[in-house]
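Participant: fold the following, please.
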Amino acid sequence: MIHYSEPLFRPPSEANNVIIQITHGCSYNACSFCSMYETKQYKQKSLDEVFEDIETLNKYYSQAHKIFLADGDALAVDTSTLLQILKKLYASFPNLRRVTSYASPINLEQKSLEELSTLYEAGLKLIYFGIETGSDVLLKKIQKGTTFSKMKEGLNKASQAGFKISATVILGVGGREYSKEHVAQTARLVNETTLNYLSTLQLGLQQTKEAQFYKKFEQGFTWLDDKEMLEEQLHFLEALQPTNKIIFRSNHASNAFALAGTLPKNTNRLIDEVKYAIKDESLLTPSWLRGF
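Facilitator: Sure, this is the predicted structure:
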């Protein structure tokens, strides 16, 4: 029997991979835009439970190549326990090539370079990181619990340890009022770190989160419409100057217009595609077909 607690979330790219849940919920769980774990209280699963799940899943997926560690805050688990879990995973799945997990800014701040390097060498190869925005003003308003400088330091520390990093940015998170600030500082953060994958999605709020989110915008918050979201996407792409190759995607279920390419190789093509979509709204996915 698998000891999953619902709801269980994972990145879209992990849809076909084995999921081992080592925590319930998120230890921070205060971001004003996020409702993923509002029904859960954070708790780490016992090592016995995790090992039992590994042994059960091994019976059905013994040839698995990739495994994702859930829930939203697996990297909050102490390093010695994570190392035991990784050792058990690679011993149980002989074809395992990669283990992945979410990583929060707080996780990367709390783990030392030595700890991250040890985890990488033990087989935790890729982390999923929610940038959301690089603006200190907006990070405070959305209660992200971090700053531009702390995210930059944490991401560069993870890169130095060897990790591949898949990061996400939320279009429209600053509304019309902070759109320029959002684009400029987020692009700056990307340009000053070494990401491997980058995705953008459009802001969406569950009803239970709307009041909490709006309350932090003392000067008002005005939603961007689809055209404005695309214009923000355009300005973001124009501001990106990565020093390394980044696989870029904007194909989340929330997006009005899907994009895919490699930066900086395909930057000009992506910019042209967005400009074309701004002029022809018939290319956009209808709102009723979008969501989280």
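
Participant: residue ranges with poor pLDDT in the protein?
Facilitator: For the chain, the stretches flagged by pLDDT under 70 are 1, 3, 288-289, 291-292.

Participant: can you pull out the helices in it?
Facilitator: Here the chain has its helices, by DSSP state H, at 47-60, 79-92, 105-110, 113-121, 136-141, 148-161, 179-191, 207-215, 226-239, 267-279.

Participant: let me have the ones you listed in TSV, adding distance to Pro12 as columns.
Facilitator: Every C-beta, even on glycine, is put in place using the N, C-alpha and C of the backbone. Below are the helices of the chain laid out as TSV (distance: least, Cβ to Cβ, whole Å):
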stretch	distance to Pro12
helix 47-60	20
helix 79-92	22
helix 105-110	21
helix 113-121	23
helix 136-141	24
helix 148-161	21
helix 179-191	20
helix 207-215	21
helix 226-239	19
helix 267-279	19
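
Participant: out of those helices, nearest to Lys66?
Facilitator: For the helices of the chain, the distance to Lys66 is smallest for helix 79-92, at 10.7 Å, taking Cβ to Cβ.

Participant: still on that earlier bit, now the helices of the chain in a markdown table, with mean neighbour count?
Facilitator: Formatted as a markdown table, the helices of the chain follow (neighbours: other Cβ atoms under 10 Å):
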| stretch | mean neighbour count |
| --- | --- |
| helix 47-60 | 15 |
| helix 79-92 | 17 |
| helix 105-110 | 19 |
| helix 113-121 | 17 |
| helix 136-141 | 19 |
| helix 148-161 | 19 |
| helix 179-191 | 20 |
| helix 207-215 | 13 |
| helix 226-239 | 20 |
| helix 267-279 | 16 |
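
Participant: roughly how far does the residue nearest to Ala122 when sequence neighbours are not counted sit from Lys209?
Facilitator: Nearest in space to Ala122, with sequence neighbours left out and distances taken as Cβ to Cβ, 6 or more residues apart in numbering, is Leu86 at 4.3 Å. Separation of Leu86 from Lys209 (Cβ to Cβ, to the nearest Å) stands at 34 Å.

Participant: you'd agree Cys34 is up against Gln212?
Facilitator: No - assessed by Cβ atoms under 8 Å, Cys34 is found out of contact with Gln212, at 10.3 Å.

Participant: state the number of residues packed around the nearest residue to Lys45 once chain neighbours are set aside.
Facilitator: Nearest-residue entry for Lys45: Ile22, 5.5 Å, with adjacent residues in sequence omitted and distances by Cβ to Cβ, 6+ apart. Counted with other Cβ atoms under 10 Å, residues neighbouring Ile22 total 24.

Participant: list the contacts of Ile22.
Facilitator: Taking Cβ atoms under 8 Å, 6 or more residues apart in numbering, we find Ile22 in contact with Gln44, Lys45, Val50, Leu69, Ala70, Asp71, Ala74, Val77, Ile85.

Participant: which one of these is nearest to Asn251?
Facilitator: For the contacts of Ile22, the minimum distance to Asn251 (Cβ to Cβ) is 22.2 Å, reached by Ala70.

Participant: surely the closest one and Asn17 touch.
Facilitator: No - counting by Cβ under 8 Å, Ala70 stays clear of Asn17, with 10.9 Å between them.

Participant: give the contact list for His252.
Facilitator: If you count contacts by Cβ under 8 Å, 6+ apart, His252 has them with Pro12, Ser199, Thr200, Leu201, Gln202.

Participant: quick one: which of the residues you listed is most hemmed in?
Facilitator: Among the contacts of His252, Thr200 has the most neighbours (other Cβ under 10 Å), with 25 neighbours.

Participant: so what's that residue bridging to?
Facilitator: Taking DSSP bridges as the rule, Thr200 bridges to Val169.

Participant: do you know how far it is from Gln84?
Facilitator: Distance, Thr200 to Gln84, using Cβ to Cβ: 36 Å.

Participant: and Leu69, by the same measure?
Facilitator: As for Leu69, its distance to Gln84 is 13 Å (criterion: Cβ to Cβ).

Participant: can you check Glu6 too?
Facilitator: Distance, Glu6 to Gln84, by Cβ to Cβ: 26 Å.

Participant: and Asn29, by the same measure?
Facilitator: As judged by Cβ to Cβ, Asn29 and Gln84 stand 25 Å apart.

Participant: stretch 30-41: end-to-end distance?
Facilitator: 12 Å (Cα to Cα, to the nearest Å).

Participant: now swap in stretch 182-199 and tell me
Facilitator: End-to-end distance for stretch 182-199: 15 Å, by Cα to Cα.
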